[in-house]
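# predicted model and sequence below, questions to follow.
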Amino acid sequence: YSCIESEFSAHSLVSQISNRKVGGESYDLTKFGGVIATLSDRDDINTIQDVSGKIVAAASISGLGSGQMQFRELEKAGMSYINAPRQLVFTSNQGKVVNGVLDGTFDVAFVRTDQIERTRDAATGELVDPARLKIINPQPDLEIDGVPFPFESSTPLYPEWNLASLAHVGDDVATEVQSAMRALEAHAAVGYGILGCYDA
């Protein structure tokens, strides 16, 4: 979506509500952020500029929460996300990114908000203790509709999967589509029934 927003001047109409269950708490969120993390005892990595010359891992080059958001922050800091790191590794799995930082394979992790709190340590099978990692470039006072965002983020917040209108779509049409999508909320129970089909 961030590419569509910047290239085509798209405007978000509605966003998926993502239910995130972390540490016994449940959060219904319409936005999420990107995290730049390293081991808490890495004294050589404290700022976004310190990513330079390090081995960085992300899920994919096209992933928003584990790649694109963090790449944008590097670019805003005047750094190339391709040339600044010593190596950029794509794992296709954000849990592997977090575990790779924990075991020393990678210096820096690019993952979505709440990934650290949901990752199981590959060595112990237990949930990762978030205190083992520190967040680089933490954004202050993040909130959604006036409610404090419950996770640390290195980037601004972006909408979860969303439906957007392009600049040439009239406000009247965009408003009608937005209203129709919001009316679907009354049928959310159907989604839970479908979700049950995937339980093993």
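Done, it's in. Residues are numbered from 1 along each chain as shown.
# low-confidence stretches in the protein?
1-3, 185-200 (pLDDT under 70).
# swap the cut-off to 50 and go again
By pLDDT under 50, the weakly predicted segments of the chain are 194-195, 197-200.
# quick one, helices of it?
2-8, 69-76, 94-102, 115-118, 171-183, 188-196 (DSSP state H).
# I'd guessed L142 sits against S154; true?
No - L142 lies out of contact with S154 (C-beta atoms under 8 Å); the separation is 10.6 Å. The C-beta positions use only the backbone N, C-alpha and C, and glycine is treated the same way.
# between these two, who's got more neighbours?
S154 (21 against 18; other C-beta atoms under 10 Å).
# mutual contacts of L142 and S154, please.
G33 (C-beta atoms under 8 Å, 6 or more residues apart in numbering).
# for A109, give its distance to Q139.
A109 sits 17 Å away from Q139, going by C-beta to C-beta, to the nearest Å.
# so which of these two has more stuff around it?
Set A109 next to Q139 and count neighbours by other C-beta under 10 Å: A109 wins out with 30 against 16.
# show me the contacts for the more buried one.
With C-beta under 8 Å, 6+ apart, A109 has these contacts: 35-38, 56-58, 97-98, 100-101, 116, 133.
# what pairs with it across the strands?
A37, A57 (DSSP bridges).
# got it, and N162?
S15.
# what is the neighbour count of it?
The burial count for N162: 19, using other C-beta under 10 Å.
# and if you look at R20?
19.
# what sits closest to D121 if chain neighbours are left out?
Closest residue in space to D121, ignoring its immediate chain neighbours: V128 at 5.2 Å, by C-beta to C-beta, 6 or more residues apart in numbering.
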